[in-house]
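Enquirer: Build me a model from this:
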Amino acid sequence: MGEHTPMPEDQAAELQTLLDRQRQAFAADPAPGLAVRRGRLDRLRRAVLDHREALTAALDEDFGGRSVEESTTVDLLPALTGIRHAQRHLRRWMRPRRRWPHPLMQPASAWVHDQPLGVVGIMVPWNYPVYLALSPLTGALAAGNRVLLKLSELTPATNAVLGSVIRQAFSAEEVAVVEGGESVSRAFAALPFDHLLFTGSTAVGRQVMAAAAAHLTPVTLELGGKSPAVVDGDADLDTAAGRIAYGKLLNAGQTCIAPDYVLCTPDRRDALVDALRRAATRLYPDPLHNPDYAAVITRQHRERLEALLTDAREQGAELVSMAEAVENAPESGRMPPWLVLDAPASARVLEEEIFGPVLPVVTVADLEQALAYIRARPRPLALYYFGHDRRRQQQVLDRSHSGGVCINDTVLHVAQDNLPFGGVGASGMGLYHGFEGFRTFSNEKAVLRKGRWNSARLVEPPYGRRIHRWVRRLMVR
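Expert: Sure, this is the predicted structure:
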């Protein structure tokens, strides 16, 4: 959230007022039923559909170049499928989950009762500002909560349309939108929510967690990191390169689960580089003037990426263009895709999350060294393995840690509504999507119900021989 910037008192008061209004509304209806929750999800889905053209146009405006097709595919469609998935499965999710009481507790019944938490705060990043707002919102609404959404200051056009979506679907007591810069973000993270979800960088995630700690607000942090792609000896290079290039160049690499670097053996590197260049050219011919290829969102972000390339070059790395044009197109904001070869470990491109169309290729002796390389670094949000041997696939799963894994593909696991999504270690904590999102935004309340006869009286004082016989019997079992 950057350096501390004072927030005007009227803005802070407005945030608190929004929170208070939602708390009061939740107190008046703390256990919304299935019909109410499905109704809220249906209102959200219909409002998104009503504004879909305005949303894709706004995304194009905010990025300075983002195609309708890409915005529909990566922002709107997964948000809508997530809503429908929740609507279809919500009845089952809400059912009490039966547990078996201990024999000493009989006769009794036990179950887990999922209860809405109350008011949930969601902090939305700029790179997928529709999907990363609506996906956690879906989970929070499915669980029966009220929600405050803090949108990114880098996407004002999208925010305006999202605000219309929310106002069409909900009252401010149900869901409200908050906008503003760093001072608003800081104040938002410090509000006493019942749960706070943040998506963004690891550095800012630490600040969000520290702010939430003042109220012991539970947090879900969806961060990022350097997600590796491992190309093993039996992988088909053209297939692997095509899927890596797609995952890397989608949204011009501005994706938290984009492949951040590739690991392969020296004997396959040159062939893999050629395959990656062919794949990038097939996907985005003439990327600097190709409307299918997204722009980098701001000049500041482009300059950061150019600085990574300059640092790598100055440290002896070879830069290989993945396109015929190698100069930036400032008028469109598009940046050509680059491969970085032979970068030393000290190069920033191997230390920092790239978040753009730059892909280092690192050579390792074998799979064991590739896994050691990954384990020596902070745990990533995603890991991608290309190879067909089932034993080696299992070796990768067992001997590496990451938030999620794709075997023989990239990024698509995020669109699976029946799989959890989340990070581990420096790449985040907590899960959402589908049922895991419902659980994250619910209090899983343990319930034990006893009948008229209480078997626990058999172990109450005054103690005698009977209790000793019971204890001995239970201990030997």
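Enquirer: Show me what the helix or strand harbouring Val230 is packed against.
Expert: Assigned by DSSP states H and E, Val230 belongs to strand 228-231. With contacts taken as 3 or more Cβ pairs under 8 Å, 6 or more residues apart in numbering; DSSP states H and E, strand 228-231 sits against helix 237-249, strand 261-264, helix 367-375, strand 382-386. Yep, even glycine has a C-beta here, placed from its N, CA and C like the rest.
Enquirer: now the worst-scoring helix or strand of the chain on mean pLDDT: how far from the chain's centre is it?
Expert: None of the helices or strands of the chain scores lower by mean pLDDT, DSSP states H and E than helix 465-476, at a mean of 73. With Cα atoms, centre = their mean, to the nearest Å as the basis, helix 465-476 stands 51 Å off its chain's centre.
Enquirer: And for stretch 341-360?
Expert: Put simply, stretch 341-360 sits 22 Å off its chain's centre (Cα atoms, centre = their mean).
Enquirer: what comes up buried for that stretch?
Expert: 341, 343, 347-350, 353-360 (16 or more other Cβ atoms under 10 Å).
Enquirer: Can you tell me which of those residues is closest to Asn443?
Expert: Closest approach between the buried residues of stretch 341-360 and Asn443, by Cβ to Cβ: Glu353, at 33.5 Å.
Enquirer: Compare the helices and strands packed on strand 228-231 and give me the one nearest Leu283.
Expert: Closest approach to Leu283 among these (Cβ to Cβ): helix 237-249, 5.9 Å.
Enquirer: pLDDT weak spots in the stretch 1-150 of the chain?
Expert: Across the stretch 1-150 of the chain, the ranges flagged by pLDDT under 70 are 1-9.
Enquirer: my bad, should have said the stretch 351-477 of the chain
Expert: For the stretch 351-477 of the chain, residues meeting the criterion pLDDT under 70 lie at 455-456, 458, 476-477.
Enquirer: which residues in it form strands?
Expert: In the stretch 351-477 of the chain, the segments counted as strands under DSSP state E, counting those that start in this stretch are 358-363, 382-386, 404-407, 421-422, 428-429, 431-432, 442-450.
Enquirer: what does the stretch 151-300 of the chain give?
Expert: 175-178, 195-199, 219-222, 228-231, 261-264.
Enquirer: Now the least confident helix or strand of the chain - C-alpha only, CSV.
Expert: Taking Å, rounded to 0.1, in the frame of the first residue of the first chain, the C-alpha atoms of helix 465-476 are listed here in CSV:
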residue,chain,number,x,y,z
ARG,A,465,-13.9,-48.0,40.9
ARG,A,466,-16.3,-47.6,38.0
ILE,A,467,-14.4,-44.7,36.5
HIS,A,468,-11.1,-46.5,36.8
ARG,A,469,-12.4,-49.5,35.0
TRP,A,470,-13.7,-47.3,32.2
VAL,A,471,-10.4,-45.4,31.9
ARG,A,472,-8.4,-48.7,31.7
ARG,A,473,-10.7,-50.1,29.1
LEU,A,474,-10.5,-47.0,26.9
MET,A,475,-6.7,-46.7,27.3
VAL,A,476,-6.0,-50.2,26.1
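Enquirer: circling back: so what are the sheet partners of the strand holding Val230 and their directions?
Expert: Here strand 228-231 has these sheet partners by DSSP bridges: strand 261-264 (parallel), strand 382-386 (parallel).
Enquirer: Quick one: closest of those strands to Val414.
Expert: So among these, strand 382-386 is nearest, using Cβ to Cβ, at 8.1 Å.
Enquirer: which other residues reach the closest one?
Expert: Applying Cβ atoms under 8 Å, 6 or more residues apart in numbering, the external contacts of strand 382-386 come out as 227-232, 235, 239-240, 243-244, 247, 257, 259, 374, 393, 396, 400, 402-411, 413.
Enquirer: still on that earlier bit, could you look over the helices and strands packed on strand 228-231 and pick the most buried one?
Expert: Each of those was assessed for mean neighbour count using mean count of other Cβ atoms under 10 Å. The highest is strand 382-386, with a mean of 27.
Enquirer: got JSON lines for the buried residues of stretch 341-360, with distance to Met209 too?
Expert: Formatted as JSON lines, the buried residues of stretch 341-360 follow (distance: Cβ to Cβ, whole Å):
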{"residue": "Leu341", "distance to Met209": "37"}
{"residue": "Ala343", "distance to Met209": "31"}
{"residue": "Ala347", "distance to Met209": "29"}
{"residue": "Arg348", "distance to Met209": "25"}
{"residue": "Val349", "distance to Met209": "27"}
{"residue": "Leu350", "distance to Met209": "26"}
{"residue": "Glu353", "distance to Met209": "18"}
{"residue": "Ile354", "distance to Met209": "24"}
{"residue": "Phe355", "distance to Met209": "21"}
{"residue": "Gly356", "distance to Met209": "26"}
{"residue": "Pro357", "distance to Met209": "30"}
{"residue": "Val358", "distance to Met209": "29"}
{"residue": "Leu359", "distance to Met209": "30"}
{"residue": "Pro360", "distance to Met209": "29"}
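Enquirer: if we take the residues you listed, which one ends up nearest to Val447?
Expert: Glu353 (43.2 Å).
Enquirer: isn't Ser427 right up against Gly224?
Expert: Yes. Using Cβ atoms under 8 Å, Ser427 is in contact with Gly224, at 6.3 Å.
Enquirer: Touching both of the two, which residues are there?
Expert: 202, 381.
Enquirer: returning to that earlier point: reformat the strands of the stretch 151-300 of the chain as CSV; add mean pLDDT and distance to Thr17.
Expert: Formatted as CSV, these follow (pLDDT from 0 to 100; distance: least, Cβ to Cβ, whole Å):
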stretch, mean pLDDT, distance to Thr17
strand 175-178, 97, 10
strand 195-199, 98, 18
strand 219-222, 97, 23
strand 228-231, 98, 46
strand 261-264, 98, 46
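Enquirer: in the protein, which helix has the most residues?
Expert: When the chain is parsed with DSSP state H, its longest helix is helix 9-28.
Enquirer: mind listing what's buried in that one?
Expert: If you call a residue buried by 16+ other Cβ under 10 Å, then helix 9-28 has these buried ones: 12, 15, 18-19, 21-23, 25-26.
Enquirer: next one: that helix to chain centre, how far?
Expert: Distance, centroid of helix 9-28 to centroid of chain: 27 Å (Cα atoms, centre = their mean).
Enquirer: Off-centre distance for the helix or strand immediately after it in the chain?
Expert: Proceeding N to C from helix 9-28, the next assigned helix or strand is helix 34-50, under DSSP H and E. Helix 34-50 has its C-alpha centroid displaced from the chain centroid by 22 Å (Cα atoms, centre = their mean).
Enquirer: Now helix 34-50: buried residues?
Expert: Under 16+ other Cβ under 10 Å, the buried positions of helix 34-50 are 37-38, 40-41, 43-45, 47-48.
Enquirer: quick one: which of these is nearest to Ala110?
Expert: The closest of these to Ala110 turns out to be Arg37 (Cβ to Cβ; 24.9 Å).
Enquirer: That closest one and Arg23, how far apart?
Expert: 19 Å (Cβ to Cβ, to the nearest Å).
Enquirer: Ok, which of the strands of the stretch 151-300 of the chain comes nearest Pro461?
Expert: It is, among these and with distance given as Cβ to Cβ, strand 195-199, at 41.8 Å.
Enquirer: The closest one pairs with which strands, parallel or anti?
Expert: Sheet pairing for strand 195-199, using DSSP bridges, gives strand 119-123 (parallel), strand 219-222 (parallel).
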